[in-house]
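Asker: Return atomic coordinates for the entry below.
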Amino acid sequence: MGVFTHEMEVTSTLPTARVFKAYVLESDTIFPKAVPHAIKGVEYLQGTGAPGSIRMVSFVPGLGIEYLKEKVDAVDPDNLSYTYTVIESDVFKNMIEKISYETKFSEAPNGGTIVNVTTKFYSVGDVEIKEEAIKDSLQNRSQIFKTVEEYLLANPDA
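Answerer: Okay, the predicted model is just below:
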């Protein structure tokens, strides 16, 4: 098994507590509303968001991905961090065993938020994951962050 690690940083003009709440604590309800062109729904299969919970994210048809299942590894509201692992997806195709995400939210000097994400792709056997596929995945994730931010700015009570 190979492990491919990548770092990503995105920023938001929103306060850190609000970003953490939307992206972690309420993502199951916020994401389908904010990104309806991509995310069809989020459903907890086990638990309600605490460590050990498993949820399924369903995507709209035509995106090249139907679903993924995530296992929550850690939620730390005090330190504004969140760790989860994608344990199953129709796009893994015997190439990827799992993908883990370690996310840390911190206050930016301007009062906004800096989100740092460490992503680890675990390949099956000696399969090498193409750099282009990883960049596409990270770019899609970055776009979702920005789309959710736009939704939150347009819907202050969300």
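
Asker: Assumed Y101 was part of a strand.
Answerer: Yes: per DSSP: H, G, I helix; E, B strand; the rest coil, Y101 lies within a strand segment.

Asker: Could you pull up the residues touching it?
Answerer: By CB atoms under 8 Å, 6 or more residues apart in numbering, Y101 lies in contact with Y82, T83, Y84, T85, V86, V117, T118, T119. To be clear about C-beta, it is placed using only N, CA and C from the backbone, and glycine gets the same treatment.

Asker: Quick check on the residue nearest to the last one when sequence neighbours are not counted: phi, psi?
Answerer: Taking CB to CB, 6 or more residues apart in numbering, and ignoring the residues beside it in sequence, T119 has H6 as its nearest neighbour in space, at 5.0 Å. According to degrees, to the nearest 10, the main-chain angles of H6 amount to phi -140, psi 150.

Asker: L153 now?
Answerer: phi -70, psi -40.

Asker: Equivalent analysis for A22, please.
Answerer: According to degrees, to the nearest 10, A22 has phi -70, psi -40.

Asker: Tell me who's in contact with it.
Answerer: I30, V148, L152, A158.

Asker: One more pass at 10 Å, please.
Answerer: S12, L14, T29, I30, F31, A34, V148, E149, Y151, L152, A158 (CB atoms under 10 Å, 6 or more residues apart in numbering).

Asker: Farthest pair within these?
Answerer: S12 and T29 (18.6 Å; CB to CB).

Asker: neighbour-wise, which of those two wins?
Answerer: Neighbours per residue (other CB atoms under 10 Å) separate S12 from T29, with S12 holding more: 22 against 13.

Asker: Name every strand pairing with whichever helix or strand E43 is part of and say which way it goes.
Answerer: According to DSSP states H and E, E43 maps onto strand 39-46. Applying DSSP bridges, strand 39-46 is found paired with strand 54-59 (antiparallel).

Asker: can you pull the buried residues of the strand it pairs with?
Answerer: Under the neighbour-count criterion of 16 or more other CB atoms under 10 Å, strand 54-59 has I54, R55, V57, F59 buried.
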